[in-house]
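[1] next come a sequence and a model predicted from it.
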Amino acid sequence: MIPIDITPEQLQVGSKNTMVDHLGIEFLEVSPQLIKAKMPVDNRTVQPFRILHGGASVALAETLGSIAAQMNIDQENFMVVGLDINANHIRSVRSGFVYGVTKPIHIGRTTHVWEIKITNEEDKLVCVSRLTISVLAKK
């Protein structure tokens, strides 16, 4: 369960030995309506042309949207799973960090839609993603 008042540090600890940890994603801000994190552009996240891999951007986007969705449900009785994600890659990044911010588009009883914008260190748009979440009853 993800408490609504969780800190970035607590999310970091809970992400040990996961893809989040492997990709070097670091949580910066956490609230039920906004999550911000940064991810390095390095050997873990680039493709063979040494630019940020689109899949790494999508992993960052799904991480942020999924955590945000989980914070906005009755976690005792429900859980969230990704239903669909898309991403438009706007510009390449060769080094440094990218920053992802998620905000809700729709928070419903059975579905959520989250927008995730990823920017470079100059705050220029790198990728925009939309994640659709399904809210499922726990069995």
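    Done, it's in. Residues are numbered from 1 along each chain as shown.

[2] so what's residue 22 closest to, chain neighbours aside?
    Leaving aside its chain neighbours, residue 22 sits nearest to residue 44 (6.6 Å; criterion: C-beta to C-beta, 6 or more residues apart in numbering). All C-beta spots, glycine's among them, are computed from the backbone N, C-alpha and C.

[3] what does residue 81 give?
    Nearest to residue 81 is residue 134, by C-beta to C-beta, 6+ apart, at 5.4 Å.

[4] tell me the contacts of the residue nearest to residue 22?
    Residues near residue 44 by C-beta atoms under 8 Å, 6 or more residues apart in numbering: 22, 23, 24, 56.

[5] just the ones of the residues you listed in helices?
    22, 23, 56 (DSSP state H).

[6] what pLDDT does the first one get?
    Read it as residue 22. In this prediction, residue 22 carries a pLDDT score of 97.

[7] paired strands for the helix or strand containing residue 100, with orientation please.
    Here residue 100 sits within strand 97-107, counting by DSSP states H and E. Sheet pairing of strand 97-107 (DSSP bridges) gives strand 34-40 (antiparallel), strand 111-119 (antiparallel).

[8] now the first one: average pLDDT?
    On average, the pLDDT along strand 34-40 is 97.

[9] tell me which residues in that strand are buried?
    Buried positions in strand 34-40, judged by neighbour count with 16 or more other C-beta atoms under 10 Å: 35, 36, 37, 38, 39, 40.

[10] hang on, the earlier thing: if I look at the residue nearest to residue 81, how far off is residue 82?
    Between residue 134 and residue 82 the computed distance is 8 Å (C-beta to C-beta, to the nearest Å).

[11] in three-state terms, label residue 129 for me.
    Three-state call for residue 129 (DSSP: H, G, I helix; E, B strand; the rest coil): strand.
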